[in-house]
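Visitor: Provided below for reference: sequence and predicted model.
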Amino acid sequence: MDKLTLFGLVVGLTGIVTGQILEGGSISILFQGAAFLIVFGGTLGAVMVQSPIKVFVTAARMGSWAFITPKSNRSRLIRQLIDWSTLARKEGILALESRASTITDPFLKKGLQLLVDGNDAGKIREVMDVDIHSWEQLHWQSARVWEAAAGYSPTIGIIGAVLGLMHVMQNLAEPGKLGAGIAVAFVATIYGVAFANLLFLPIANKLKSILMQQMDVYEMIVDGLSGIANGDNPRLLELKLQGYLA
């Protein structure tokens, strides 16, 4: 669980609510079901229109990464690559074939299979780079779906405010209700701006950061497998891969 994400949301919401109280406003006015439905539903519809279905579904799944970040133990992965390097140096590349059945990560397993099949470092990198590029493109576009939601949300909030004002204008015969009605109408604008700046945009940026970290892991794997294919000294390979721990 990413505690910083949860803490940040709590701090942001607490600041807004506390400011409302200090200004003498009512908290209850901030909770408007119709405004929430307009902003959230409108924003969701906009990003669905914009995105291919595969990108949209991936973006929805990636949203949880901001709260539960995928873990990749780089130190353990380096030790595994060095063990393979040592075994290959002593007994030959084919000795690694028995290790493939124990690997669950598809990317790592594919790389090891290419290595066992006798491909040189250049071929391994060429094939794996295609997988990295495809993975990067899909997930980067998916992260930008959240970024797009941050762009649509404030505008949808304005639409909600205008709809609320239209409703107020229909009740001009009751002047006593105009003030409260106008206040409620502008809650949609608050929702739109708050969703964009407290949720959608921060999540988009955090997802991009996570993607960059995962790209480093993939590059580390390719470098490790290429070093094994080249017959690099395990100690030298370990020193090289440890650079990724920074």
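Guide: Noted; the coordinates are in hand.
Visitor: elements contacting the longest helix seen in the chain?
Guide: Counting residues, the longest helix in the chain under DSSP state H turns out to be helix 121-169. Counting contacts by 3 or more C-beta pairs under 8 Å, 6 or more residues apart in numbering; DSSP states H and E, helix 121-169 packs against helix 33-50, helix 53-62, helix 106-116, helix 178-185, helix 187-194, helix 201-230. Every residue, glycine included, has its C-beta placed from N, CA and C.
Visitor: So what's the gap between it and the chain middle?
Guide: Its chain's C-alpha centre and that of helix 121-169 lie 10 Å apart, by C-alpha atoms, centre = their mean, to the nearest Å.
Visitor: Now do the contacts for Gly12.
Guide: Leu198 (C-beta atoms under 8 Å, 6 or more residues apart in numbering).
Visitor: And it, which helix or strand is it part of?
Guide: If you go by DSSP states H and E, Gly12 is part of helix 3-22.
Visitor: returning to what we had before: so what angle separates the directions of the longest helix of the chain and helix 53-62?
Guide: 80 degrees (axes from the mean of the first three to the mean of the last three C-alpha atoms, to 10 degrees).
Visitor: what's the neighbour count on Lys240?
Guide: Using other C-beta atoms under 10 Å, Lys240 has 15 neighbouring residues.
Visitor: Who are the contact partners of it?
Guide: Counting by C-beta under 8 Å, 6+ apart, Lys240 touches 223, 227, 232.
Visitor: Let's see the ChimeraX selection covering just the buried ones among those residues.
Guide: Selection of buried members from those for ChimeraX, criterion 16 or more other C-beta atoms under 10 Å:
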select :223,227,232
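Visitor: how far off helix 106-116 does the longest helix of the chain point, in degrees?
Guide: Using the same axes, to 10 degrees, the direction of helix 121-169 lies 170 degrees away from that of helix 106-116.
Visitor: I'd guessed Pro154 sits against Ala194; true?
Guide: No. With contacts defined as C-beta atoms under 8 Å, Pro154 does not count as touching Ala194, sitting 9.4 Å away.
Visitor: Just want to check the distance between the most centrally placed residue in the chain and Phe200.
Guide: Nearest residue to the geometric centre of the chain (C-alpha atoms, centre = their mean): Leu207, 2.6 Å. In this structure, Leu207 and Phe200 are 11 Å apart, going by C-beta to C-beta, to the nearest Å.
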